[in-house]
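Student: build me a structure from this.
(2 chains)
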There are 2 protein chains.
Amino acid sequence: MVEFAAAADVDAVFHALADRTRRDVVEKLRGGEASVSALAGQHPMSLAAFVKHLAVLESAGLVLSTKKGRTRWCRLAPAALRPAEEWMRVHGELWSGRLDALERHLEEHP
Amino acid sequence: MVEFAAAADVDAVFHALADRTRRDVVEKLRGGEASVSALAGQHPMSLAAFVKHLAVLESAGLVLSTKKGRTRWCRLAPAALRPAEEWMRVHGELWSGRLDALERHLEEHP
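Tutor: I've put the predicted structure just below:
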């Protein structure tokens, strides 16, 4: 069953992904949690500017952060990508083509 | 071979998809070309506001338009979705999971 997400959630996820810095953070966090300062150190901008990007990711539900002592740690909440992934699954041509090929294969080789 | 798109192209496609009106236009145009006025008529906003959404889609390369007589026709250029789809393919969990399942199936049932 396809579960349709609220349009506002899909908006927020696509908006969060529409920036290279924010996509880099998602890619980096797939490897596990990281501190804000470690993440920020990889990007040529002020910490204040970087923290705004993190806020967009947190607002879309893609990143969760917790403070331990003096350090704020970020981790990915990859399930939050699903509304946007579902949209791509239904409407994208590349993905549709691949899943069509899978269905054909399964029909021919049950 | 995965062909990596320029980050600016991926930004533009995700930005274009981060709005329900623009996603509706993409969904509608999957069925074939449509006039600007027919597309605009489905959305509760001024024609000027709607045309701005179309401009975002055209700027991302997702929609092409041509004028025939007094009517401007729009059509989808679905291949322009690919940079964003590729990103999802590599980094999304839902899609990765499905393709992993396909690979396992193909290995087990060659």
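
Student: surely A:Thr66 is in a strand?
Tutor: Yes - per DSSP: H, G, I helix; E, B strand; the rest coil, A:Thr66 lies within a strand segment.

Student: pretty sure A:His105 contacts B:Leu106?
Tutor: Yes - using Cβ atoms under 8 Å, A:His105 makes contact with B:Leu106 at a distance of 7.5 Å. To be clear about C-beta, it is placed using only N, CA and C from the backbone, and glycine gets the same treatment.

Student: my guess is A:Asp24 is in a helix, correct?
Tutor: Yes - assignment of A:Asp24 by three-state DSSP places it within a helix.

Student: so who does it touch?
Tutor: Counting by Cβ atoms under 8 Å, 6 or more residues apart in numbering or on different chains, A:Asp24 makes contact with A:42-43.

Student: for the one 5 residues further on, same thing?
Tutor: For A:Leu29, the contacting residues are A:39, A:63, A:74-76, taking Cβ under 8 Å, 6+ apart as the criterion.

Student: what of A:His105?
Tutor: Contacts of A:His105 by Cβ under 8 Å, 6+ apart are B:105-106.

Student: what about it, distance to B:Asp19?
Tutor: 36 Å (Cβ to Cβ, to the nearest Å).

Student: count the residues that sit near A:Leu39.
Tutor: 23 (other Cβ atoms under 10 Å in any protein chain shown).

Student: now it, what's its secondary structure?
Tutor: What three-state DSSP gives for A:Leu39 is helix.

Student: for chain B, see how far away it is.
Tutor: 16 Å (Cβ to the nearest Cβ, to the nearest Å).

Student: let me see the confidence value for that residue.
Tutor: Note for A:Leu39: predicted pLDDT of 96.

Student: before we move on, what about A:Leu81?
Tutor: At A:Leu81, pLDDT is 90.

Student: tell me if A:Leu106 really is in a helix.
Tutor: Yes - assessed by three-state DSSP, A:Leu106 belongs to a helix.

Student: residues near it, how many?
Tutor: The number of residues near A:Leu106, taken as other Cβ under 10 Å, comes to 12.

Student: who touches it in this structure?
Tutor: A:Leu106 sits next to B:His105 when contact means Cβ under 8 Å, 6+ apart.
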